[in-house]
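Engineer: sequence plus the predicted model coming up.
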Amino acid sequence: MEVKSQQYPELARKILRQTPQVREAVTRAALHFDHNRQTAYAEIDAAFWRQWAEAVKNHVLTHLDHYLELAEQRLAARGVRVHWAETAEDARRVLRELVRAHGVKRAVKAKSMLSEELGVNPALEALGVEVFETDLGEYIIQLAGEPPSHIVGPAIHRNLEEIRRLFHERLGTPLDAEPDALAREARRVLREAFLSAEMGVSGANFLVAETGTIALIENEGNIRLTTSLPKVHVALVGIEKLLPSLADLAVFLQLTARAATGQRIGTFVSLIQGPRTEAEPDGPEEVHVVLVDNGRSALLADPEAWEVLRCVRCGACLNACPVYRQTGGHAYGWVYSGPIGAVLDPGLLGLEATLPLPFASSLCGACFEVCPVRIPIPKLLVTWRQRAVAAGLASRPEAGAVRAYAEVMTRPELYRLFSKALRVFPGALEHPVLPVVRAWRAGRSGLKPSPKSFRELWEEGAV
Amino acid sequence: MRVALFVTCLGDQFFAEAAADAVRLLRALGVEVDFPRDQTCCGQPAYNAGYRREALQMARHTLRVFEHAEYVVLPSGSCTATLRAFYPELLREDASAYRAATDLAQRTYELSEFIVRVLGVTELGKGLEGRRVAYHHGCHALRELGLREEPLTLLRNAGAELVDWEAAEECCGFGGLFSVKLPEVSLAMADRKLDTLPAPDLLTSADGGCLLHLAGRLEHRGRSVPVQPLASVLWEAHRGG
């Protein structure tokens, strides 16, 4: 997927101005998710389990070599073929080889953020493979030719009217079709795809090292079909997705579902342990797991930014984020949006390619409050901001202004002088030449200093 | 008991009367108030914008100013959070400065927090009888300091009726430089807050920056809701309105 993160301010402005319905649809859906999350957290000792989950993830990440080797060994023992992909291109190469080896003409896909990151659809389409997204939301945006705008609800920025129109144009349903009828039509198309596809591509919510188990959470049943009907199943797994044991998985499944949608557990949970056998005649003939690095091990080695790798992609921080809710995910310009995207994208793509993202936050801290693995997102945002400033990537006038401000504030006499000047020329704050004042006054009235500063009141004995 | 008041730069320049009300209230509660004259700005805008060196410079200055204070009290949740949460982080690499910062952190309180947690006072008077009050939770007060009930308790016990405000705990979109770096997003956030605001007699908050932003947006939209900093409202609660 093309990286447009540098354009965050323009993209955000454009969405707010040109498609106000996005703000409305995203706010409604995100607040709904967040409300459900709150209720579901309230049923458990969320503070305790979040700390526990943080500790388990930290343990895996600090012993990742061990767990990756264990996972590879256990997967292989069950007949799963394991591939290592250092880069996105390595992962695409594995897919291309499988397409050629099996004469794949059609592929069905389960929703996977990693596959968006790797550019799987364009790579498959370039080989002439017809790709069907099978998650309903993901199918909707595939029809619209858009990337997902939310980690869990890829089409939450679309309202019913838009989806009706889209289905009318692309699938010929009536313009006033009810949601049930739209879903029926999607199901008809996708059912045909499930039955005829030679390859199923999925991600993985978790990979259990001890048993070599791929765990997938969903609500629609499409992942189960994707991973069991076609003769080849390929699971793309980020190396940070490992968990030590099934006992850990049991808790993570519940915590993730609660954080993501407020469910106690996903409607369907698939635990995949290998291809069909004589004793288990269902399922694909071949199962492939592609363990994808694509920048993750370098990020893991970054002592100030690695904690973002605990992320379980639940999207809770997006729902809780008042900045994200104004624009939805497209403004962020890459796969991972919202608060987590603002700290994960610089980690994976580098700061320069994603620069405004760490600034796309008011640092309100709502994201940290809901994160099931307690990623300190506000702290990481400040870290990336500090790096941007230290690298000289801030604008020169801004850097100069902040330097001057710090000088004034550490020289009390100078500060008093400015304070006095502001009262002699209160109009200074109305002067549109000051860019900060201009930006402020564009949407807000008044910025009136008190007639006397508190300092003056105090020194005059008026207090 | 002696308290050093850190009025903060925004308070000094834009909310001088509210800061004076904070002094009046503290004195009325039997507290002696100092105003260390070399105080300026806590450095939060620089810290939030990634200017670590400048933030550090200001943190060291503020640490010196309040070195000997028994308690430091601020009529601002976010500046309190800067002293309490961010100074130790900023100074983590300098052992003696870090010790000074954590020591200061333990003596630093937001005004309503100080009244409730340190003074143990939950009833100031009945001066807000019959007033419908909307309280905006500043994000740092709420999430960095864990302050939710303290200001509400003081308001409620003074007779105020707290209006039911769906977005009371949502960020208003100020965020210091955020509001000028991403003005459209910032205003959209303010609008979301204000669109869900019932018609109170009064809108208040412990955070001046949020209030400047919300009041400015209200006025720009032509809606009239009286906006007053928490310190003044609490003084009114005590004084009897």
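Structural biologist: Sure thing, it's come through. Numbering: from 1, shown residues only, chains lettered A, B, ... in the order given.
Engineer: mind checking how far the spatially most central residue of chain B is from residue A:205?
Structural biologist: Most central in chain B under Cα atoms, centre = their mean is residue B:76, positioned 1.8 Å from the mean C-alpha point. Distance of residue B:76 to residue A:205, given as Cβ to Cβ, to the nearest Å: 42 Å. The way it works is simple: take the backbone N, C-alpha and C, and place the C-beta from them, glycine included.
Engineer: go on, residue A:239?
Structural biologist: Residue A:239 sits 14 Å away from residue A:205, going by Cβ to Cβ.
Engineer: who has more neighbours out of the two?
Structural biologist: Comparing residue A:239 with residue A:205 by other Cβ atoms under 10 Å in any protein chain shown, the one with more neighbours is residue A:205, at 27 against 23.
Engineer: can I see the domain layout of chain B?
Structural biologist: According to the TED database, chain B is divided into the following domains: B:2-118, B:132-240.
Engineer: can you check chain A too?
Structural biologist: A:1-43+A:315-394, A:59-297, A:406-460.
Engineer: what about the first one and chain B, touching?
Structural biologist: Yes: judged by Cβ under 8 Å from any Cβ of the partner chain, domain A:1-43+A:315-394 comes into contact with chain B at A:9, A:12-13, A:16-17, A:23, A:27, A:322-323, A:325-327, A:358-366, A:368-369, A:379, A:382, A:384-390, A:394.
Engineer: can you list the buried residues in the longest helix anywhere in chain A?
Structural biologist: Ranked by residue count and defined by DSSP state H, the top helix of chain A is helix A:20-42. Neighbour-count burial for helix A:20-42 flags A:22-23, A:25-27, A:29-31, A:33-34, A:36-37, A:40-41 (criterion: 16 or more other Cβ atoms under 10 Å in any protein chain shown).
Engineer: next, count neighbours for the closest residue to residue B:221 other than its chain neighbours.
Structural biologist: Nearest non-adjacent residue to residue B:221, counting by Cβ to Cβ, 6 or more residues apart in numbering or on different chains: residue B:194, 7.0 Å away. Look at residue B:194: counted by other Cβ under 10 Å, it has 17 neighbours.
Engineer: helices or strands up against the host helix or strand of residue B:194?
Structural biologist: Per DSSP states H and E: residue B:194 is located in helix B:183-195. Contacts defined by 3 or more Cβ pairs under 8 Å, 6 or more residues apart in numbering or on different chains; DSSP states H and E place helix B:183-195 against helix A:8-18, helix A:324-327, helix B:178-181, helix B:208-220.
Engineer: for chain A, see how far away residue B:113 is.
Structural biologist: For residue B:113, the distance to chain A equals 17 Å [Cβ to the nearest Cβ, to the nearest Å].
Engineer: my read: that residue touches residue B:146, true?
Structural biologist: No: contact criterion Cβ atoms under 8 Å: residue B:113 and residue B:146 do not qualify, at 9.2 Å.
Engineer: between the two, who's got more neighbours?
Structural biologist: Shown here are residue B:113 and residue B:146; by other Cβ under 10 Å, residue B:113 has more neighbours (21 against 10).
Engineer: ok so residue A:150 is a helix residue?
Structural biologist: No: using DSSP: H, G, I helix; E, B strand; the rest coil, the assignment for residue A:150 is coil, not a helix.
Engineer: quick one: it from residue B:9, how far?
Structural biologist: The value you get for residue A:150 to residue B:9, if Cβ to Cβ is used, is 39 Å.
Engineer: same check on residue B:78?
Structural biologist: According to Cβ to Cβ, residue B:78 stands 12 Å off from residue B:9.
Engineer: same check, this time on residue A:373
Structural biologist: Look at residue A:373 and residue B:9: by Cβ to Cβ, they are 37 Å apart.
Engineer: ok, residue A:141 - contacts?
Structural biologist: A:133, A:147, A:148, A:149, A:154, A:155, A:158 (Cβ atoms under 8 Å, 6 or more residues apart in numbering or on different chains).
Engineer: now render the residues you listed as a markdown table, adding distance to residue A:310.
Structural biologist: Output for these, formatted as a markdown table (distance: Cβ to Cβ, whole Å):
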| residue | distance to residue A:310 |
| --- | --- |
| A:133 | 27 |
| A:147 | 24 |
| A:148 | 21 |
| A:149 | 23 |
| A:154 | 22 |
| A:155 | 27 |
| A:158 | 30 |
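Engineer: ok, back up a step: and the angle for the longest helix of chain A with helix A:8-18?
Structural biologist: Here helix A:20-42 runs at an angle of 110 degrees relative to helix A:8-18 (axes from the mean of the first three to the mean of the last three Cα atoms, to 10 degrees).
Engineer: wait, is residue B:86 part of a helix?
Structural biologist: Yes: under three-state DSSP, residue B:86 sits within a helix.
Engineer: so what's it up against?
Structural biologist: B:44, B:47, B:55, B:59.
Engineer: identify all contacting residues around stretch A:79-91.
Structural biologist: Contact with stretch A:79-91 is made by A:72, A:75-76, A:93-94, A:117-120, A:212, A:236, A:273-275, A:277, A:286-294, as judged by Cβ under 8 Å, 6+ apart.
Engineer: rank the helices and strands packed on helix B:183-195 by pLDDT, which is bottom?
Structural biologist: Mean pLDDT is lowest for helix B:178-181 among the helices and strands packed on helix B:183-195, at a mean of 93.
Engineer: host element of residue 169?
Structural biologist: Unless you meant another one, I'm taking chain A. Assigned by DSSP H and E, residue A:169 belongs to helix A:160-171.
Engineer: that's the wrong chain, I meant chain B
Structural biologist: Here residue B:169 is assigned to no helix or strand, by DSSP H and E.
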